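[1] Predicted coordinates and the sequence they were generated for:
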Amino acid sequence: MKQLLCLALFCWSLALWSQSPTQQPLKNITAIRTAVAPKIDGLLKDSVWLQAQPASDFIINSPNYGQPASLRTEVWLLYDDEAMYVAAKNYDNPASIRKQLTARDGEQRQDVDYFSFFVDTYNDNQNGFQFVVTSRNVQSDARISPAIQSMFGLPSDYSWDAVWESNVAITSDGWTLEMRIPYISLRFSKSEQQRWGINFQRFSRKQNESSFWNPVDPNIAGFVNQFGDLLGVSNIEPALRLSFLPYVTSGFRNTPTTRGVVKEWLRNGGMDVKWGVNESFTFDATLVPDFGQVISDNVILNLSPFEVRFQENRPFFTEGTELFNKAGLFYSRRIGLTPSGYWQVKNRVAADPTLEIVKNPGITQLINASKFSGRNKNNLGIGVFNAVSAPMVASILNKTTGSTEKIETEPLTNYSLVVIDQALKGRSSVTFTNTNVMRSGLARDANVSALDFALYDKNNNYAIIGTGRYSKIMGANPYDGFNTTLSLRKVSGKIQFNATNNIESDRYDPNDLGFLQAPNEVTTTAQVSYNQFTPTKNFLSYRYMLRVTNRQLYKPFVWQEVQIGATIFHFFKNFWDLSLNYESKPAWQHDYFELRTPGRMIRMMPWHYVGFNGSTDSRKRLYAGFKAGLAQSPSFGDAEYINYELSLRFRFNDRLSIEWSGAGSTDNGNVGYAFRREANGDPIVGWRDVKQFTTLVSGLYNFTPRMFLTLRARHYWSGVKYEKYFNVDANGYWIDRAFIAGNDNNYNAYNLDLFYTWDFMYGSRLIVGWKNWMPLDRSIDGIRFSKYGQNLAEVFRMPQGKELTARLIYFLDYQKLKRNRS
């Protein structure tokens, strides 16, 4: 209670001191119904465009907010019962137009000009759609959501893909474009008169200038709430929205093992279905999905007591899931993960030479998954997600008796998620979320219910944001827990701040379908920042931030640690940026998690970190990013942590670009659980030197705007050398103990992903993929090969896993099929 009162006083004093900007009046544009659809050739020669009045007078958002755009832009809008049509004339000197070919959804920080069309079909000032066309007619599309935070760029979720048409043309006075966006790619409420939010963006790479038709003030929180109004759209009677995406996959995989190479022929087929139940809601389903052609995970050696969170790369779980992710309770990697009994089978066979694995699936097969989502005319969003995974069974052969044992490594499981989200006035909202996991047999079941709210004042300056969650685990050992969060924030203006209190009970557990590294914490954070969004004499923008965090255990209610952070960010007029960072845990911490033993605590040394990071002008052929830092402990002078990173991207021409990055760290004062225990079960702690280095090479070659080749190769190495060992007494103090030999670790991970992609028709795609990897059960001798270069060379000497696949995806639109038959 004292902490909350102090936070409230902190926020009130800052509120009195700070001032906030006032949002400008919104522009409006009227769309014209057309009886004849324009030809989408990018030339703007159809007479139907003459019916519409152009939108113009764009205002700069960056780098010099508030000034008229340096380049003239005109936009026209038409519509009919099938689609919206957008045309734009981007005036410019043709020699100044940047025209790099990029991958789909990959125009950011590339050498290309582009135009964006934004529409908020629910007019809720929170959610929207984005359609982007570059000067080379490469498309990008995204969903706009308040749940997405971005320091650079817009709150865009590029994982969403829609089917729409576009074309461009270079003219003597600039470049022109046309778009056709069918209603199958939009969602809107059924109403005689539609009133949508709308905006247009023009980005000129030569000037690094982003401008909008309706001004977007960087001093004001939010993006969709700064759209203009679209008028004139009425009596839309869209046809049935129904499409099919059947696919077939074929290929082979060779996996080297200690007992020879396992060869597999890969073949699969399935289908995705998208059905517009009505104008507002859409049903998506995937039947017998195959997620083989995805980017490999960034696997690391994890010495911490916490689970590593991996990025979701499977399209079905990334496209259009912003509503499901709003409460932060949906970690889709839980679905189709490695079976829970996989490593038990591997370890059992490895320890017994009389046993041999006949079959041990490494991935849980997904039978089907479906999504139902949308928003009605009252701005009530509804989302329902369901997925079913098949039971996984391993087979073990006893070579002595000849018998085969079958072991269920993962039960039949149903995952479901329900979201009800009411958008309120302004940017406010209230959201109810429920996740449920049910497993067959005696395996545990789980349920989590959550209520989230975000309340903004009418001027969009202040907000109160909170959550309340309840989890329940059912089965042989049932338990339940809760989580609450309350945050008071100033969200607009030069001075912004927030004060947040988060409570997680000791038995709160959302991890069957969500992600939480550790419960049983009470965390209080206060943060204040000063933001200069418009240019000054020396900078385009800058930001100063100070943050203080105090953590305590929930049960028993004891102190853990305090952490202080500060950042100074400057964006220079030559378009370089530089950040100076300071992080500190100035007092000895009481860590209740590191020992992996309930009720036990270890005292961890205080430390101070200083570092910097930044990047050069991304318009240049050679673009660089850099980072370095140093941490030391005042209690142990020999405990030193150093990290460093350098990334280089070179653009050879408008078709080919290559990027290399190297990131490393050296920590010679890493203290933690040594993965060993005494005979009585007490944990053993080690002082270790930990070195890590990651090399990442990626490349892109575009044959055409819809045909490209991508490369991604990653090698990660970590070397762990123990210097001494300790026991830990009841008060968390270290006690010297005898040295343990043979506990060092030398870990390597290597993956290469090469994909050829050809979008041969709108919505239809051919993908040929090649994968190379180092098997996880192979290791490299860290005594003979103790340096990074030696380990990298050894990786290429050992047998590699290989996989070649081809997938054909064909888009079938029910309306086109119906027209063709008639």
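    Thanks, I have the structure now.
[2] buried ones in stretch 52-71?
    Using 16 or more other Cβ atoms under 10 Å as the test for burial, stretch 52-71 gives 52, 55, 58, 59, 60, 61, 62, 63, 65, 69, 71. Heads up, the C-betas are built off the backbone N, CA and C, glycines and all.
[3] I'd like those laid out as TSV, including secondary structure, pLDDT and distance to residue 276.
    Shown next, in TSV, are the buried residues of stretch 52-71 (DSSP: H, G, I helix; E, B strand; the rest coil; pLDDT from 0 to 100; distance: Cβ to Cβ, whole Å):
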residue	secondary structure	pLDDT	distance to residue 276
52	coil	94	27
55	strand	96	29
58	coil	97	33
59	strand	97	36
60	strand	96	38
61	strand	95	34
62	strand	93	36
63	coil	93	41
65	coil	93	39
69	coil	97	37
71	coil	97	38
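[4] did I read that right, residue 510 in a helix?
    No. With DSSP: H, G, I helix; E, B strand; the rest coil as the criterion, residue 510 is located in coil rather than a helix.
[5] okay but residue 582 is in contact with residue 609, surely?
    Yes. Assessed by Cβ atoms under 8 Å, residue 582 is found in contact with residue 609 at 6.9 Å.
[6] Tell me if I'm right that residue 457 and residue 463 touch.
    Yes. Shown here, residue 457 and residue 463 form a contact pair, counting by Cβ under 8 Å, at 7.5 Å.
[7] okay, these two: which has more neighbours?
    The residue with more neighbours, out of residue 457 and residue 463, is residue 463; 20 against 15, by other Cβ atoms under 10 Å.
[8] Surely that one is in a strand?
    Yes. Per three-state DSSP, residue 463 lies within a strand segment.
[9] check contacts around it.
    By Cβ atoms under 8 Å, 6 or more residues apart in numbering, residue 463 lies in contact with 221, 427, 454, 455, 456, 457, 487, 488, 489, 490, 491.
[10] Give the bridge partners for it, please.
    Note on residue 463: beta-bridge partners by DSSP bridges are residue 456, residue 489.
[11] So for the protein, the centremost residue is which one?
    For the chain, residue 311 is the residue whose C-alpha lies nearest the centre (Cα atoms, centre = their mean; 6.4 Å).
[12] isn't there a helix covering residue 346?
    Yes. With three-state DSSP as the criterion, residue 346 is part of a helix.
[13] Might you report the residue contacts of the most far-flung residue of the chain relative to its centre?
    The C-alpha centroid of the chain is most remote from residue 401, which lies 50.3 Å away (Cα atoms, centre = their mean). The contact partners of residue 401, by Cβ under 8 Å, 6+ apart, come to none.
[14] Then the one 5 residues further on?
    Taking Cβ under 8 Å, 6+ apart as the criterion, residue 406 is in contact with 393, 394, 395, 396.
[15] for residue 36, same thing?
    By Cβ under 8 Å, 6+ apart, residue 36 lies in contact with 46, 48.
[16] Would you mind giving the secondary structure of it?
    Taken by three-state DSSP, the conformation at residue 36 corresponds to coil.
[17] Pop out the phi and psi values for it.
    Taking degrees, to the nearest 10, you get phi -120, psi 120 for the backbone angles of residue 36.
[18] same deal with residue 797?
    Note on residue 797: its backbone torsions stand at phi -80, psi -30 [degrees, to the nearest 10].
[19] Look at it and report its pLDDT.
    Looking at residue 797, its pLDDT stands at 92.
[20] Equivalent analysis for residue 277, please.
    For residue 277, the pLDDT comes out at 88.
[21] Excluding chain neighbours, what is closest to it?
    Spatially, and ignoring its direct neighbours in sequence, residue 277 is nearest to residue 283 (5.6 Å; Cβ to Cβ, 6 or more residues apart in numbering).
[22] dump the residue contacts of residue 442.
    With contact set as Cβ under 8 Å, 6+ apart, residue 442 has these partners: 475, 476.
[23] Give me the distance between it and residue 408.
    Residue 442 sits 11 Å away from residue 408, taking Cβ to Cβ, to the nearest Å as the criterion.
[24] Same question for residue 785.
    As judged by Cβ to Cβ, residue 785 and residue 408 stand 40 Å apart.
[25] And the lowest mean pLDDT element among the helices and strands of the chain?
    helix 2-17 (a mean of 50; mean pLDDT, DSSP states H and E).
[26] ok, then the element right after it?
    The first helix or strand that comes after helix 2-17 along the chain, using DSSP states H and E, is strand 28-30.
[27] What residues of that following strand count as buried?
    Residues of strand 28-30 classed as buried: residue 29 (neighbour count, 16+ other Cβ under 10 Å).
[28] what lines up beside that strand in the sheet?
    strand 228-234 (parallel).
[29] next one: the strand it pairs with to chain centre, how far?
    Remark: strand 228-234 is offset 33 Å from the chain centroid, using Cα atoms, centre = their mean, to the nearest Å.
[30] now stretch 525-540
    Distance, stretch centre to chain centre, for stretch 525-540: 26 Å (Cα atoms, centre = their mean).
[31] which of the residues in that stretch are buried?
    By neighbour count with 16+ other Cβ under 10 Å, stretch 525-540 contains the buried residues 525, 526, 527, 528, 529, 531, 532, 533, 534, 535, 539, 540.
[32] Show me which of those is closest to residue 733.
    Lowest distance from residue 733 to the buried residues of stretch 525-540 (Cβ to Cβ) belongs to residue 525, with 29.0 Å.
[33] Looks to me like that closest one is in a strand.
    Yes. Per three-state DSSP, residue 525 lies within a strand segment.
[34] Quick one, grab the pLDDT at it.
    According to the prediction, residue 525 has pLDDT 98.
[35] I'd like the distance between it and residue 506.
    Where residue 506 is concerned, residue 525 sits at a distance of 21 Å (Cβ to Cβ).
[36] Please apply the same query to residue 148.
    For residue 148, the distance to residue 506 (Cβ to Cβ) stands at 32 Å.
[37] Please point out which parts of stretch 665-677 sit buried.
    665, 666, 667, 668, 669, 670, 671, 672, 673, 674.
[38] Please identify the pairing partners of the helix or strand hosting residue 688 and their relative orientation?
    Per DSSP H and E, residue 688 falls inside strand 683-704. According to DSSP bridges, strand 683-704 forms sheet pairs with strand 656-677 (antiparallel), strand 707-728 (antiparallel).
[39] Of those strands, which is nearest residue 332?
    strand 707-728 (21.1 Å).
[40] related to what we said a few turns ago, where helices are concerned, which of the buried residues of stretch 525-540 count?
    Using DSSP state H to define helices, no part of those is located there.
[41] For those residues, work out which two are farthest apart.
    Farthest-apart pair in the buried residues of stretch 525-540 is 525 and 535; separation 31.2 Å (Cβ to Cβ).
[42] got any ranges where the protein has weak pLDDT?
    For the chain, applying pLDDT under 70 flags the ranges 1-24, 149-152, 822.
[43] The same query, at a cut-off of 80, please.
    1-25, 147-153, 237-239, 257-260, 279, 288-293, 319-320, 637-638, 776-777, 819-822 (pLDDT under 80).
[44] circling back: buried ones among the contacts of residue 406?
    Those of the contacts of residue 406 that meet the buried threshold are 394, 396, by 16+ other Cβ under 10 Å.
[45] Kindly reformat the contacts of residue 406 as CSV containing secondary structure and distance to residue 552.
    Listed next are these as CSV, based on DSSP: H, G, I helix; E, B strand; the rest coil; distance: Cβ to Cβ, whole Å:
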residue, secondary structure, distance to residue 552
393, strand, 45
394, strand, 43
395, strand, 49
396, strand, 47
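[46] Buried subset of the contacts of residue 463, written for ChimeraX?
    With 16+ other Cβ under 10 Å as the criterion, this ChimeraX line picks the buried residues out of the contacts of residue 463:
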select :221,427,454,455,456,487,488,489,490,491
